[in-house]
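Undergrad: Sequence first, then the predicted structure, then my questions.
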Amino acid sequence: MNKVGGHGVGWSPIIPYLFSVPQDWEEVPVSIADLGGTEIDLRFGSAKEGRLSVIVAPVLRFADNLDGDATIEKIGRPETVINAFGPEYELEPPHALITATAAGNRLYLFNVTGSGLQWKRHYKDLKKIADSFRKTR
């Protein structure tokens, strides 16, 4: 099932994104009271297979000279980007697939995770979900 996300209210323009999840995955409510606050755009999960989250962060968190023309290459190495988010986003290996991209003045982090058992049984499905993430423009 294709899903589309991207906030609007109170944020500067955001490039929408698209990804695919199996039919039985459910959207999980997101609250600004969650760890990570308003940077978490959405979450989905399956008790059987794993979970995912999309984090949309201002590029100013990483660099102050991108002038609304961010690319992942200009922001930094993958390790630098991931480490900038800290432990509150569950970006820790070994059971995480992280896809990052940037556009305008936003960094998008698509995080697919699973427990050890979920990883063992559903890695190919989790990888397919991670590979489906893309900006729509």
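TA: Sure thing, it's come through.

Undergrad: In this structure residue 112 contacts residue 96, no?
TA: Yes - at 7.0 Å, residue 112 and residue 96 qualify as touching, with contact defined as CB atoms under 8 Å. Quick note: C-beta positions are derived from backbone N, CA and C, even for glycine.

Undergrad: between these two, which one's more packed in?
TA: residue 112 (26 against 18; other CB atoms under 10 Å).

Undergrad: Just the element for the more buried one, please.
TA: Applying DSSP states H and E as the criterion places residue 112 in strand 106-113.

Undergrad: Point out the other helices and strands that that strand packs with.
TA: strand 17-20, strand 50-58, helix 78-85, strand 96-103, helix 116-132 (3 or more CB pairs under 8 Å, 6 or more residues apart in numbering; DSSP states H and E).

Undergrad: just how off-centre is it within its chain?
TA: 2 Å (CA atoms, centre = their mean, to the nearest Å).

Undergrad: who does that strand pair up with?
TA: Paired with strand 106-113 in the same sheet, following DSSP bridges, are strand 50-58 (antiparallel), strand 96-103 (antiparallel).

Undergrad: got these as JSON lines, with distance to residue 137 and mean pLDDT columns?
TA: Shown next, in JSON lines, are the strands paired with strand 106-113 (distance: least, CB to CB, whole Å; pLDDT from 0 to 100):
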{"stretch": "strand 50-58", "distance to residue 137": "15", "mean pLDDT": "88"}
{"stretch": "strand 96-103", "distance to residue 137": "8", "mean pLDDT": "86"}
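
Undergrad: Tell me which of the ones you listed is the most buried.
TA: strand 50-58 (a mean of 21; mean count of other CB atoms under 10 Å).

Undergrad: can I have it written out in CSV, keeping just the CAs?
TA: Extracted in CSV, the C-alpha atoms of strand 50-58 (Å, rounded to 0.1, in the frame of the first residue of the first chain):
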residue,chain,number,x,y,z
GLY,A,50,8.7,-4.3,12.6
ARG,A,51,8.2,-0.6,12.6
LEU,A,52,9.1,2.6,10.7
SER,A,53,9.3,6.3,11.3
VAL,A,54,9.9,9.3,9.2
ILE,A,55,11.8,12.2,10.7
VAL,A,56,11.7,15.6,8.9
ALA,A,57,14.3,17.9,10.4
PRO,A,58,15.5,21.4,9.5
